[in-house]
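Visitor: Show me the folded form of this:
(2 chains)
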Amino acid sequence: MAPLIHLDEWQDECATVPEVEQALIGLRLRRGFEGKRNLRTSVLTHLAWVPQEWQQAATETLAGLAERHPSRTLLLFPEPEGEDGLSARAFLECYEAPGTDRHLCNEVAELRLRGARAEAPASIVLPLLLPDLPVFLRWRGRPSFDSAVFAQLVEVVDRLVVDSAEWTDVPAAYSALAEIFEQVTVSDIAWRRTFPWRRTLAQAWPEVPDRLTGPPAETALVAGWLASRGGVEVSVERADELPAGDGRAPSDLLSEELDVYARDPVYEEAVRTAGRL
Amino acid sequence: MATRSSAPETVENPLVEGLMVRRRPEPCVLTIFGASGDLTRRKIFPSLYSLAFRELLPEQFAILGVARSEQTTDEFVRMMEAAVREFGRDEFRDDVWQRLAKVTRYVATDFADDDGEDRVARTLTDLDHDVGTRGNRIYYFAVPPQAMPTLVEELGERRRRSSEGWVRLIIEKPFGYDLASARELNERLGHHFTEDEVFRIDHYLGKDTVQNLLALRFANGIFEPIWNRQFIDHVQITVAESIGIEARASYYEKAGAVRDVFQNHLLQLVALTAMEPPIDFSADSVRNEKLKVLKALATPDPRVVVRGQYGPGYIGGEPVPGYREEEGVAPDSNTETFVAARLFVDNWRWADTPFFVRTGKRLPRRETTIAIQFKRVPHSLFEQAEELRPNVLVAHIQPNEGVSLAIGAKVPGEGMRVRTVHMDFLYGGAFRTGLPEAYERLLLDAMLGDATLFTRADEIEEQWALVDVITAAWARQRPNFPNYGAGTWGSQAAQELVEWHR
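Guide: Sure, this is the predicted structure:
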C-alpha cells in the first residue's frame, strides 16, 4: 500500500451542500504537494451511514480503502438530537501514482447531519453523487428497514452493504432483510467472511457436520446456505471465532464487496432460509 | 453426519455455486526446454510463483526444467528461488515457494539422444506417480528455433506411443525466420499435434492493457461507430525501447527489428486495432477477425518502409555506443534496429487510412502506444483554429498504462480561443491491484486450454508473408547505416513518412 502523501482539508460548522461541492472542487484544483498535480480517478460514490457508536470502527475501515477504490466518499454522521444544521469537513487523500508526476486523490466529505437534517439525508447526498458511476451505501449497524431515512437512501443507491454480524437480532432480522432484496441489491460482509468456511464445507460434500459452531450471524447464514443449497438442516452453536477464516481485515472485506455489482442469488436464498430456520 | 432432506440428489456438488472464482486448471506437469535460459529466470518462474501466490495453479502440479547445463535439481531450485526473489512482483513467502520447490525437478540433456529423452520421460512418469499429474503435459519451448524441429519430432513420436493425458506445446518467438521456415515448423507441428494443442506466444497479447484495447473498442458504445475511415485520419502505433540489444547480439544480428518486433507485436497490435467485432471472445472468433486484417494488409511499397540503425548517442544524459560498437555485433553490420512503415488495411472500414507503425531500439524512451487520430472538424468557427490539434485517443500499453483523449476546450476569458487539453485515465489510478505479468495470464490460459491470446498458424504465416516482401526489397539495396543517433526518434526518413501525410 502506497503511503498517504498529503491531505488537504476544508471545514465549515454551518455548511450548505453547494459549499461542500465547491470545497471538493477547490481542493482538487489546488496545486498538490511538492508541486505535483492532483488527479481524480473515481470508480464509484461510496456513502456510509454511520451512527455515533460506529464512528471509530468506520474510520478505521475506511483507512486505505480509498486507495483500492478511488472514489468520492460521503460519510454521513446522523446527530438527530442536535440543533438543525449541517457541519462538513472535506479533504483529499492523495497517493503518488507510480512513474508519473501526479497524485491520485480521493475525495472524502464528512457530513454531520444535525437535527432535522438527519431526516432528509437523500436530499443532501443526491447533489454530491458522481454522475454515471455506481453508488454504494455502507450502512453501519442494524438498519430500521421500515424507516423513512432507510427508504430514502436505498432509493438513491445501487447497492447496500451491511454487516449482519453488527446486528443483535439475527437470525430473526434476516426475514426483514430478505424483504428488501427486490428494492436494492444487498451485500453482507458477514457472508463474505464465511467464504473460507463455505469453501471447506463444499470440499467435504457430501459429508456435512451435524453442528455448526461460530458467531451467530455467520453461523446462521452458513446454516441457511446448507439448507437452501444442500437440503441439509444442521444445529448451530454459538462461539466467538469462525471455524475457518483467512484473517482478512474489515477494509479488505468491504473492498471486495465494492467490486461486486450483480445480485447474488445464493446469498439471497441463504438469507431467506436463515430467517425461517 | 447430518442427513439431506428436501433437496434433490444430484451428481454435481450443490455447494460450489458462487465459490469458484476462477476455474482451476487440471493437474499437469510443465516441462520447460531451455530451462537454464534468461526467460525461465526472468519471466517463467516469477510468473509461476505469482500464480502459486494467488492459488491459481492446479492442486497437482509439477515443473520439470530441461537444459544442457549440468546441474542438479537442488542447484536449479536454488537458482530459481533467487530469480523469484529478484524478479517476482509479489512479496517472497517461503511457504508459497516451498510448494513450487518441492515439485520442481531438473534434467540435464540437450534432448537429442535417447538417453536424455528417457531420463525426461522417467522423471515425468515419476512426477505423475508422486504428485498425481495424470499424464497431462505442457511442454514449453524456450529454445532457439534450430532446436525446435528435433523437439517436435521426439515429443510427437513419444506422444504417439502414449495415450494417457493431454499434451500442449507453448512455443516462444521467434516462430521461424521467414515464411518458408514458419510454414515448415507449422507443418511439422501439424503432423504430430492438432492446432488446439499448439500455443504460440506473443507475450504482448497477454498484457492487460492490450486486452483493454478490446474492452475500449467493444465495451464502449461511443467508440465503435466512429472507428473507421470516415472519422479516423490515421493510426500511429509505436513500440519504442530505450535499451540496446543487451547481451543478445547473436540473436539480434540475424533477426533485426523487423523480425524481433515488427513481425509479431506490431502486426498483432495493428490487427487488434483494425479488426471487426468478433461474435464472442472465444479463441477462434477473435483469431478469425485478426486474420482477416492481416490478410487485408496491402503489400507496402518499399519506399514507405524505412529502416534504421542507431549510432552513438545519449540516453538519459549518458553516452551509449552505436549498434556496430555493441559487443558481438559485426563492425560493418547492416542489421536494422529501427523500422517504420506506412501500412494500409484494404477493406471497407479502413480503405485509404494509413497505419503508421514504428519500432526501434535506443529511442528516447520506452513506450508502447496506439494513437488514433481523428479527422479535424470540417469547418472551424474559432480563432487560431490552426493551433488546435485534432482529437487523439491514445491507448498507453506501457508504461503509464491507461487511455487519454485530447479534446479542444475554450480558454476562459474574453473571445473564443480553444486549446487542446488531455483527459487521462490511468490504469493504476482506477484499479490499484497491480497489473499482472503477461506470462502469468498466458501460462494459466495454456493450462486451461484457452488459446484466445495465442497466435494461430495462419496468422503467423500472414505476418511472415508481409515481412518477406519487406526483407526481399531490403536485400536489393545496401543501407547507409548508422542513420540515427541513440536517443532520437529514428531516422529523418521515418519522420518524413508521417509528415508526407500531413
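
Visitor: mind pulling up the phi and psi values for whichever residue of the stretch 51-200 of chain A sits closest to chain B?
Guide: Of all residues in the stretch 51-200 of chain A, A:L104 sits closest to chain B, at 4.6 Å by Cβ to the nearest Cβ. Glycine gets a C-beta too; all of them are placed from N, C-alpha and C. Dihedral pair for A:L104: phi -90, psi 130, per degrees, to the nearest 10.

Visitor: helix/strand/coil for B:V66?
Guide: On the three-state scheme (DSSP: H, G, I helix; E, B strand; the rest coil), B:V66 is labelled strand.

Visitor: would you list every one of the helices in chain A?
Guide: Counting by DSSP state H, chain A has helices at residues A:17-29, A:55-62, A:65-68, A:121-125, A:148-156, A:173-178, A:189-193, A:195-204, A:216-225, A:250-257, A:265-276.

Visitor: I'd like to know how many residues surround the residue of the stretch 51-200 of chain A closest to chain B.
Guide: 26 (other Cβ atoms under 10 Å in any protein chain shown).

Visitor: In contact with it, which residues?
Guide: By Cβ atoms under 8 Å, 6 or more residues apart in numbering or on different chains, the contact list for A:L104 reads A:L39, A:R40, A:T41, A:P70, A:C94, A:Y95, A:E96, A:A97, B:L426, B:G428, B:G429.

Visitor: Next, format those residues as JSON lines and append pLDDT and distance to A:V260.
Guide: Listed next are those as JSON lines, based on pLDDT from 0 to 100; distance: Cβ to Cβ, whole Å:
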{"residue": "A:L39", "pLDDT": "73", "distance to A:V260": "26"}
{"residue": "A:R40", "pLDDT": "73", "distance to A:V260": "23"}
{"residue": "A:T41", "pLDDT": "73", "distance to A:V260": "20"}
{"residue": "A:P70", "pLDDT": "79", "distance to A:V260": "17"}
{"residue": "A:C94", "pLDDT": "80", "distance to A:V260": "27"}
{"residue": "A:Y95", "pLDDT": "77", "distance to A:V260": "24"}
{"residue": "A:E96", "pLDDT": "75", "distance to A:V260": "29"}
{"residue": "A:A97", "pLDDT": "71", "distance to A:V260": "26"}
{"residue": "B:L426", "pLDDT": "75", "distance to A:V260": "24"}
{"residue": "B:G428", "pLDDT": "68", "distance to A:V260": "22"}
{"residue": "B:G429", "pLDDT": "67", "distance to A:V260": "21"}
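
Visitor: Tell me which two of the residues you listed sit farthest apart.
Guide: Spanning the widest gap among these are A:R40 and A:E96, at 14.7 Å by Cβ to Cβ.

Visitor: so where is chain B shaky, pLDDT-wise?
Guide: B:1-11, B:20-23, B:383-387, B:428-434, B:500-502 (pLDDT under 70).

Visitor: shouldn't B:D233 be in contact with B:P390?
Guide: Yes: counting by Cβ atoms under 8 Å, B:D233 touches B:P390, with 6.5 Å between them.

Visitor: the more surrounded of those two?
Guide: Legend: neighbour count by other Cβ under 10 Å for B:D233 and B:P390, higher for B:D233 (17 against 14).

Visitor: so which residue of chain A comes closest to chain B?
Guide: A:G231 (2.5 Å).

Visitor: count of neighbours near B:V66?
Guide: 27.

Visitor: which intervals of the stretch 51-200 of chain A have sub-threshold pLDDT?
Guide: The low-confidence ranges in the stretch 51-200 of chain A, as defined by pLDDT under 70, are A:63-67, A:98-100.

Visitor: all strands for it, in order.
Guide: A:71-79, A:85-96, A:102-114, A:135-139, A:159-162, A:185-188 (DSSP state E, counting those that start in this stretch).

Visitor: Can you name every helix or strand that the last one contacts?
Guide: What that stands for is strand A:185-188. strand A:159-162, helix A:265-276 (3 or more Cβ pairs under 8 Å, 6 or more residues apart in numbering or on different chains; DSSP states H and E).

Visitor: so B:E154 makes contact with B:F111?
Guide: Yes: counting by Cβ under 8 Å, B:F111 is a contact partner of B:E154 at 6.5 Å.

Visitor: Out of the contacts of A:L104, the closest to B:D94 would be?
Guide: Closest to B:D94 out of the contacts of A:L104 is B:G428 (28.9 Å), distances taken as Cβ to Cβ.

Visitor: Show me which residues of chain A are close to chain B?
Guide: A:39, A:41-43, A:67-68, A:70, A:97-100, A:102, A:104, A:195, A:198-199, A:201-202, A:205-210, A:225-226, A:229-234, A:264, A:266-267 (Cβ under 8 Å from any Cβ of the partner chain).

Visitor: Buried among these? Make that a PyMOL selection.
Guide: In PyMOL, this line selects whichever of the residues of chain A next to chain B come out buried by 16 or more other Cβ atoms under 10 Å in any protein chain shown:
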select buried, chain A and resi 39+41+42+43+67+68+70+97+100+102+104+195+198+199+201+202+205+208+225+226+229+230+232+233+234+264+266+267
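
Visitor: Which positions are bridged to the residue nearest the centre of chain A in the beta structure?
Guide: Nearest to the geometric centre of chain A sits A:R138, at 2.7 Å (Cα atoms, centre = their mean). For A:R138, the beta-bridge partners are A:A48, A:V161 (DSSP bridges).
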